[in-house]
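Peer 1: 3D model of this:
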Amino acid sequence: MTLPSFRNHKKTLQIGLLAIIILAFSNATGASPHNDASKASQTHHLTVLFTNDAHGHPVKFSNLSVPDVGGLPARATLVKEIRNTNENVLLLDAGDLNTGQSVSNFFEAEPDIIGYNFMGYDAMVLGNHEFDHPVDVLKEQMNLAKFPFLSANVKTRQGDHLTIPYIIKQFKGFKVAIFGLTTTETKVTGNPDHIKDLIFEDEIKVAKQLVPYLRKRADVVIALTHLGIYESMNRGSKRLASRVAGIDLIVDGNTDTKLETPLIIPGPDSKHQTLIVQAWHWGLVLGRIDLWVQDKKVARFDMELIPINLKRVVRASNGQKTFPYMRKPIKEDPQLLALLQPYADKVDRLLDETIGYAEGVFENDHGRYRETALGDLVADSMRWYLRRFNPDFALTNSGAIRTGIPEGPVTRESVYNSLPFDSSVVILKLTGAQIETLFDFIGTIKPGEGAFPQVSGGIRFTMNPKKKTCENILINGQPIDPNKSYSIVTNSYLAKGGDGYTFLTQTIDRFDSSIFQRDALIAYIEHLGGKLVPKVNGRIQFAP
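Peer 2: Have a look, this model is predicted:
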């Protein structure tokens with residue numbers, strides 16, 4: 001296996017090489033078997049701290065109506081406290097650092113990486129959203145980082161690893177190997193322009209080659225993955241754990257799953273079990289799992305998710321809300337706060353303008369499972385923006401909408417946070433037959449996937465998950481006419497075939513407005529006079 005140079009890990013390798021030399025010398029001088037057995041039976045305690053799917057949340061923020069949660073300065077304080085009381089600590093991130101709040105997006109995750117450097121992260125895996133930017137930007141991020149971005153299965157067309165596949169960390173008396181895997185689904189979900197020159201190799205094939213190599217060189221093997229947790233054992237990190245022997249722990253991301261306790265998956269050889277952990281998203285919690293390792297096996301473990309200044313909502317009889325902390329409040333590290341505050345201040349100056357008022361919460365927690373008021377609003381704004389073309393309807397992927405809009409004043413920043421991608425509004429002309437193909441594909445989309453549609457007025461249909469079909473499709477009140485042409489509005493990401501909508505690249509005609517979705521939404525809110533009332537219009541139904 002050809003491996004790239006280990007930029008930030010020469011010291012680790014030197015220590016490993018020194019250990020091998022010392023071991024060889026001790027064998028040559030006749031070290032007693034009794035001492036070797038005693039060393040082998042020693043129990044080592046390792047604390048693994050982990051985050052995933054941070055999605056550009058470097059400073060504290062409001063999670064809908066709950067103010068001042070999360071943020072890297074508070075996380076830094078917590079990490080420091082844990083390190084002060086534990087000798088062997090790893091700090092890992094399971095990918096998707098990019099794309100979220102404006103304070104991150106405007107600076108291409110620079111404040112996030114500064115915060116991770118400050119905390120001393122040991123490694124991060126490439127998530128699919130690391131490819132929201134061109135590869136050149138990703139390489140700039142990797143150069144800024146004082147920790148490696150790992151991935152063993154992402155390669156260039158020339159066959160070289162895009163980044164480091166693994167590292168080995170030396171602790172007192174034992175070694176830990178960490179290797180990275182990025183979901184091959186990035187081939188579908190990634191920005192087509194940014195991944196066209198990359199190869200995403202099958203995760204299982206790569207892991208089966210790499211894990212035996214690492215097991216010979218380390219006492220603990222950790223897979224740092226951006227794969228996801230699904231019901232099926234044939235997808236995501238469960239697939240990895242059940243098909244590749246020898247992985248002690250999978251620190252996973254991608255599905256924003258809040259696991260209070262680890263999943264325990266028996267390995268294919270029935271002699272080894274693998275733990276899977278994932279820590280929700282947006283830095284709202286810090287995951288912690290303590291491993292006690294003996295004879296290269298996890299003898300026992302303990303796990304918790306530590307809230308980062310999360311609060312409960314308590315509503316008094318007079319309607320007034322208070323927000324008591326769920327646990328002891330965590331103070332922000334003043335040094336890191338001073339480093340990050342200038343970024344937040346600059347964004348506030350740019351985006352602080354109030355453009356409307358939401359009379360209720362436009363939530364996004366269920367946007368990948370069903371029609372939402374926010375999805376309706378976004379799709380309606382796209383159709384309205386290109387109204388001069390008289391489009392039949394608009395469609396966006398739920399994955400384009402990243403966070404909800406809280407009740408109260410709506411600022412430009414809240415819209416930018418909700419629609420962070422630089423996806424423009426595009427109108428396409430399709431035949432009736434192509435519209436049928438579109439809905440054939442939509443019928444196969446599983447709830448929970450970013451491809452799940454949100455649609456405007458002008459279209460109504462019923463999804464039948466059991467049959468994987470769309471039924472009762474009505475465009476402006478009429479069934480699809482295969483011989484007619486239709487105009488639909490979408491975003492440039494889907495128009496280029498993203499999220500599996502590949503057939504949209506074969507349209508009759510298209511026009512790209514060059515106006516981003518978020519700017520169309522801002523214009524639409526102003527058109528409405530700023531008054532926003534959340535309403536689900538019943539455009540997408542589900543068959544019983």
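Peer 1: only C-alpha atoms for contact and neighbour calcs from this point on.
Peer 2: Fine.
Peer 1: Find the nearest non-adjacent residue to residue 384, please.
Peer 2: Take residue 384 and drop its neighbours on the chain: the residue closest to it by C-alpha to C-alpha, 6 or more residues apart in numbering is residue 524, 7.3 Å away.
Peer 1: gap between residue 497 and residue 187?
Peer 2: Separation of residue 497 from residue 187 (C-alpha to C-alpha, to the nearest Å): 11 Å.
Peer 1: still on that earlier bit, which secondary structure state does the residue nearest to residue 384 sit in?
Peer 2: Secondary structure, DSSP: H, G, I helix; E, B strand; the rest coil: residue 524 is helix.
Peer 1: Could you report the neighbour count for it?
Peer 2: Around residue 524 sit 20 other residues, with neighbours defined as other C-alpha atoms under 10 Å.
Peer 1: May I have the phi/psi pair for residue 443?
Peer 2: Recorded main-chain torsions at residue 443 are phi -60, psi -20, according to degrees, to the nearest 10.
Peer 1: show me the contacts for it.
Peer 2: 463, 464, 465, 468, 469, 470 (C-alpha atoms under 8 Å, 6 or more residues apart in numbering).
Peer 1: If we use 10 Å, what do you get?
Peer 2: Taking C-alpha atoms under 10 Å, 6 or more residues apart in numbering, we find residue 443 in contact with 437, 452, 462, 463, 464, 465, 466, 467, 468, 469, 470, 471.
Peer 1: who's in contact with the last one?
Peer 2: Residues in contact with residue 471, defined by C-alpha under 10 Å, 6+ apart, are 439, 440, 443, 460, 461, 462, 463, 464, 541, 542, 543.
Peer 1: hey, what's it bridged with?
Peer 2: Residue 471 forms beta bridges with residue 462, as assigned by DSSP bridges.
Peer 1: Look up how far residue 364 lies from it.
Peer 2: Per C-alpha to C-alpha, residue 471 is found 25 Å from residue 364.
Peer 1: Could you do the fourth one as well?
Peer 2: Taking C-alpha to C-alpha as the measure, residue 463 and residue 364 are separated by 20 Å.
Peer 1: Equivalent analysis for the first one, please.
Peer 2: When distances are taken as C-alpha to C-alpha, residue 437 and residue 364 turn out to be 28 Å apart.
Peer 1: These two: which is more packed in?
Peer 2: Here residue 437 and residue 364 are compared on neighbour count by other C-alpha under 10 Å; more neighbours surround residue 364, at 21 against 15.
Peer 1: Contact partners for the more buried one?
Peer 2: With contact taken as C-alpha under 10 Å, 6+ apart, residue 364 is in contact with 64, 371-375, 398, 401-405, 418.
Peer 1: List phi and psi for it.
Peer 2: According to degrees, to the nearest 10, residue 364 has phi -130, psi 10.
Peer 1: count of residues packed around residue 390?
Peer 2: The number of residues packed near residue 390 is 12, by other C-alpha under 10 Å.
Peer 1: okay, it: pLDDT?
Peer 2: On pLDDT, residue 390 comes in at 95.
Peer 1: Check which helix or strand residue 253 maps to.
Peer 2: Counting by DSSP states H and E, residue 253 is held by no secondary-structure element, helix or strand.
Peer 1: What count of nearby residues applies to residue 90?
Peer 2: Taking other C-alpha under 10 Å as the criterion, the count of residues near residue 90 is 18.
Peer 1: Can you tell me who the residue nearest to residue 394 when sequence neighbours are not counted pairs with across the strands?
Peer 2: Ranked by C-alpha to C-alpha, 6+ apart and with sequence neighbours excluded, the top spatial neighbour of residue 394 is residue 489, at 4.3 Å. Partner residues in beta bridges with residue 489, using DSSP bridges, are residue 394, residue 427.
Peer 1: Residue 536 versus residue 222, what's the distance?
Peer 2: 44 Å.
Peer 1: Between those two, which is the more surrounded one?
Peer 2: The residue with more neighbours, out of residue 222 and residue 536 and counting by other C-alpha under 10 Å, is residue 222; that gives 24 against 15.
Peer 1: and that one, what pLDDT?
Peer 2: pLDDT, read off for residue 222, is 99.
Peer 1: Ok, residue 206 next?
Peer 2: According to the prediction, residue 206 has pLDDT 98.
Peer 1: Over to the one 10 residues further on?
Peer 2: Confidence at residue 216, expressed as pLDDT, is 97.
Peer 1: so what's it up against?
Peer 2: Contacts were defined as C-alpha under 10 Å, 6+ apart; by that measure residue 216 touches no other residue.
Peer 1: how close does it get to residue 296?
Peer 2: 10 Å.
Peer 1: Residue 389 too?
Peer 2: 66 Å.
Peer 1: what do you get for residue 532?
Peer 2: In this view, residue 532 and residue 296 are 58 Å apart by C-alpha to C-alpha.
Peer 1: about what we covered before: can you tell me which of the contacts of residue 443 is closest to residue 168?
Peer 2: Checking the contacts of residue 443 against residue 168 by C-alpha to C-alpha gives residue 452 as the nearest, at 39.4 Å.
Peer 1: What is the neighbour count of the closest one?
Peer 2: For residue 452, the count of nearby residues is 23 (other C-alpha under 10 Å).
Peer 1: The closest residue to residue 219 other than its chain neighbours: what's it in contact with?
Peer 2: Counting by C-alpha to C-alpha, 6+ apart, residue 219 lies nearest to residue 296, which is 4.6 Å off, once chain neighbours are set aside. The neighbourhood of residue 296, defined by C-alpha under 10 Å, 6+ apart, consists of 40-44, 174-175, 215, 218-221, 246, 248.
Peer 1: Find me the pLDDT at residue 296, would you?
Peer 2: Residue 296 carries a pLDDT value of 95.
Peer 1: Residue 40 too?
Peer 2: For residue 40, the predicted pLDDT is 51.
Peer 1: Residue 4 too?
Peer 2: Predicted confidence (pLDDT) for residue 4: 38.
Peer 1: Kindly report the same for residue 270.
Peer 2: We note a pLDDT of 74 for residue 270 in this prediction.
Peer 1: Residue 14 now?
Peer 2: Model confidence at residue 14, given as pLDDT, is 40.
Peer 1: do the same with residue 378
Peer 2: In the predicted model, residue 378 carries a pLDDT score of 98.
Peer 1: Find the nearest non-adjacent residue to it, please.
Peer 2: Excluding the flanking residues, the one nearest residue 378 by C-alpha to C-alpha, 6+ apart is residue 521, at 6.2 Å.
Peer 1: Correct me if wrong, but that neighbour is in a helix.
Peer 2: Yes: secondary structure assignment places residue 521 in a helix (three-state DSSP).
Peer 1: I'd say it and residue 384 touch.
Peer 2: Yes: assessed by C-alpha atoms under 10 Å, residue 521 is found in contact with residue 384 at 9.4 Å.
Peer 1: tell me, what's touching those two both at once?
Peer 2: With C-alpha under 10 Å, 6+ apart applied, the overlap between the contact sets of residue 521 and residue 384 consists of 378, 527.
Peer 1: can you pull the contacts of the nearest residue to residue 153 once chain neighbours are set aside?
Peer 2: The shortest distance from residue 153 to any non-neighbouring residue, by C-alpha to C-alpha, 6+ apart, is to residue 201 (5.0 Å). For residue 201, the residues meeting the contact criterion (C-alpha under 10 Å, 6+ apart) are 152, 153, 154, 155, 181, 182, 183, 184.
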